[in-house]
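Enquirer: no sequence on this one, just coordinates:
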């Protein structure tokens with residue numbers, strides 16, 4: 001979520017007298033279809049950057065927290081929450097700057113390149129961190145680098161993809177966003193005894209794949225574009241916000257996505273600790289079991305993402321798939337909340353992944369359907385849209401430690417409350433998107 005949470009001519013809500021709230025106006029200029037090779041470059045780079053970025057959340061950060069502060073698993077929530085705040089503040093700013101960038105590499109690729117390199121440097125910091133504070137700084141740098149590189153890819157799709165390719169590409173990128181973290185966890189699980197390999201093996205593989213797009217993508221030279229608006233500090237802050245009355249569909253979708261990504265972050269940040277508690281062992285010792293469960297999760301996510309993407313294009317409907325996804329996710333979260341043992345835990349984990357996969361297949365396509373001011377300010381509004389993901393990912397890990405302590409006993413955290421809250425928030429977010437986002441089918 002985003003995290004999490006593509007392009008088209010604008011289906012944007014305009015503040016035109018007599019235009020109904022939530023209705024959309026089709027922009028006259030539709031980008032031409034992109035080639036299959038462009039889609040392959042986009043999907044492979046998305047896979048790579050997610051693999052490098054999310055593997056630490058899945059297992060590597062948890063291993064390091066247990067090494068540096070074994071009696072304080074709640075520190076993981078503080079670290080991930082604080083890091084998300086860095087992304088929250090930087091992503092809209094970088095989006096606005098990229099809108100005005102004029103270069104041979106276009107508006108977006110320079111930031112994908114810089115972000116990837118900063119993110120890889122952050123992995124080295126986390127691998128060598130001698131303290132929790134240094135580990136937190138490393139994760140903040142990773143959010144700054146990888147978060148903006150990934151958002152750069154989303155900005156590219158907003159610039160380049162026509163409406164007719166949006167659902168398909170959303171399904172593919174949604175699928176790899178789910179598969180990449182699991183692949184990263186599986187790759188990292190083989191190196192839990194060596195901190196550098198734990199972070200840098202998935203990181204190196206991921207960054208190399210991520211840079212494929214920077215090197216081989218073409219056709220986005222921005223030097224001939226009109227000069228951009230000059231940024232000033234006194235005009236920068238308004239770029240972080242928008243008028244929901246002017247763009248109601250975008251506003252309702254933002255709120256729904258926030259609730260969904262808040263729930264996703266609640267349920268995923270502490271999954272490795274939950275597995276360890278249910279198994280009665282440490283995070284490092286259940287790495288193999290977690291990797292096996294993650295493979296099952298990949299299958300469920302693939303079924304949800306690819307199946308949802310294909311069906312949504314055929315049926316020409318998106319919002320109903322959001323609602324179905326959120327109900328499925330909530331069922332999985334409830335199973336996790338009341339699971340008596342590891343077998344039921346894994347079943348709940350798989351169901352949660354199925355729901356997440358269905359959601360990912362249409363989430364990005366809906367955003368593109370209603371993205372305002374696409375031609376001139378796509379980076380700004382994609383950045384604002386990413387705030388729903390980033391705020392959700394910031395608030396959830398900071399909230400979770402308090403929830404875990406409610407009614408907790410010696411050696412037993414209250415994960416049940418965590419999963420039940422996630423279920424409720426997901427259903428609420430799905431209902432908002434289904435009922436209120438009238439700018440998408």
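Expert: Arrived safely, thanks for sending. Note that this is a predicted model, so its numbers are computed, not measured.
Enquirer: could you list every residue that touches residue 384?
Expert: 92, 95, 240-242, 254 (C-beta atoms under 8 Å, 6 or more residues apart in numbering). C-beta: built from backbone N, CA, C; applies to glycine.
Enquirer: Need the pLDDT of it.
Expert: The score at residue 384 is 87. That number is its pLDDT.
Enquirer: do the one 3 residues further on as well
Expert: Model confidence at residue 387, expressed as pLDDT, equals 82.
Enquirer: go on, residue 28?
Expert: pLDDT, residue 28: 42.
Enquirer: Same question for residue 31.
Expert: At residue 31, the pLDDT value in this model is 76.
Enquirer: again with the one 3 residues further on
Expert: In the prediction, the pLDDT value recorded for residue 34 is 86.
Enquirer: For it, which three-state class applies?
Expert: Put simply, residue 34 is coil when judged by DSSP: H, G, I helix; E, B strand; the rest coil.
Enquirer: now residue 87
Expert: Taking three-state DSSP, the label given to residue 87 is helix.
Enquirer: List the residues that contact it.
Expert: For residue 87, the contacting residues are 3, 143-144, 147-148, 386, 390, 393, by C-beta under 8 Å, 6+ apart.
Enquirer: Try it again at 7 Å.
Expert: 143-144, 147, 390 (C-beta atoms under 7 Å, 6 or more residues apart in numbering).
Enquirer: Buried ones in the longest helix along the chain, by neighbour count?
Expert: Longest helix in the chain by number of residues (criterion: DSSP state H): helix 374-405. Neighbour counts over helix 374-405 (16 or more other C-beta atoms under 10 Å) mark 374, 377-401, 403-404 as buried.
Enquirer: Now do the buried residues in the helix or strand where residue 327 lies.
Expert: In this structure, residue 327 sits in helix 319-338 according to DSSP states H and E. Using 16+ other C-beta under 10 Å as the test for burial, helix 319-338 gives 319, 321-337.
Enquirer: What of stretch 403-422?
Expert: For stretch 403-422, a neighbour-count test (16+ other C-beta under 10 Å) marks 403-404, 413-422 as buried.
Enquirer: Repeat that for stretch 57-64.
Expert: By neighbour count with 16+ other C-beta under 10 Å, stretch 57-64 contains the buried residues 57-64.
Enquirer: Show me the one in the contacts of residue 87 that has more neighbours than the rest.
Expert: When neighbours are counted by other C-beta atoms under 10 Å, residue 390 leads those with 31 neighbours.
Enquirer: so what's that residue closest to, chain neighbours aside?
Expert: Among residues not flanking residue 390 along the chain, residue 88 sits closest, at 4.0 Å (C-beta to C-beta, 6 or more residues apart in numbering).
Enquirer: Residue 354 now?
Expert: In space, and not counting its chain neighbours, residue 354 is closest to residue 300: 4.0 Å by C-beta to C-beta, 6+ apart.
Enquirer: I'd assumed residue 350 was in contact with that neighbour.
Expert: Yes. With contact defined as C-beta atoms under 7 Å, residue 300 counts as touching residue 350 (4.7 Å).
Enquirer: okay, the two: which has more neighbours?
Expert: Set side by side, residue 300 and residue 350 show more neighbours around residue 300, with 22 against 19, by other C-beta under 10 Å.
Enquirer: other SSEs contacting the host helix or strand of the more buried one?
Expert: Element membership for residue 300, per DSSP H and E: helix 287-315. Secondary-structure packing of helix 287-315 (3 or more C-beta pairs under 7 Å, 6 or more residues apart in numbering; DSSP states H and E): helix 166-189, helix 271-279, helix 342-370.
Enquirer: Which positions in it come out as buried?
Expert: 287, 289-291, 293-294, 297-298, 300-302, 304-309, 311-313.
Enquirer: Next, the angle helix 287-315 makes with the helix holding residue 327.
Expert: 160 degrees (axes from the mean of the first three to the mean of the last three C-alpha atoms, to 10 degrees).
Enquirer: From residue 358, how far off is residue 330?
Expert: From residue 330 across to residue 358, the span is 12 Å (C-beta to C-beta, to the nearest Å).
Enquirer: now do residue 184
Expert: In terms of C-beta to C-beta, residue 184 sits 22 Å off from residue 358.
Enquirer: Same check on residue 135?
Expert: From residue 135 over to residue 358 (counting by C-beta to C-beta), the distance is 34 Å.
Enquirer: again, but for residue 293
Expert: Separation of residue 293 from residue 358 (C-beta to C-beta): 19 Å.
Enquirer: Ok, residue 81 next?
Expert: Taking C-beta to C-beta, one finds residue 81 at 27 Å from residue 358.
Enquirer: neighbours around the closest residue to residue 244 other than its chain neighbours, how many?
Expert: The shortest distance from residue 244 to any non-neighbouring residue, by C-beta to C-beta, 6+ apart, is to residue 251 (3.1 Å). For residue 251, the neighbour count with other C-beta under 10 Å is 19.
Enquirer: is it true that residue 251 touches residue 243?
Expert: No. Using C-beta under 7 Å, residue 251 is not in contact with residue 243, being 8.3 Å away.
Enquirer: Contacts only, for the nearest residue to residue 84 once chain neighbours are set aside.
Expert: Using C-beta to C-beta, 6+ apart and skipping residues adjacent in sequence, the residue nearest residue 84 is residue 394, 3.7 Å away. Counting by C-beta under 7 Å, 6+ apart, residue 394 makes contact with 81, 84-85, 88.
Enquirer: ok, back up a step: show the average pLDDT along the helix holding residue 327.
Expert: 94.
Enquirer: Would you mind telling me which of residue 81 and residue 358 has the busier surroundings?
Expert: Neighbours per residue, other C-beta under 10 Å: of residue 81 and residue 358, the larger number sits with residue 358, 30 against 22.
Enquirer: can you tell me how far that one sits from residue 174?
Expert: 9 Å.
Enquirer: same deal with residue 216?
Expert: In terms of C-beta to C-beta, residue 216 sits 23 Å off from residue 174.
Enquirer: No further queries at this time; thank you.
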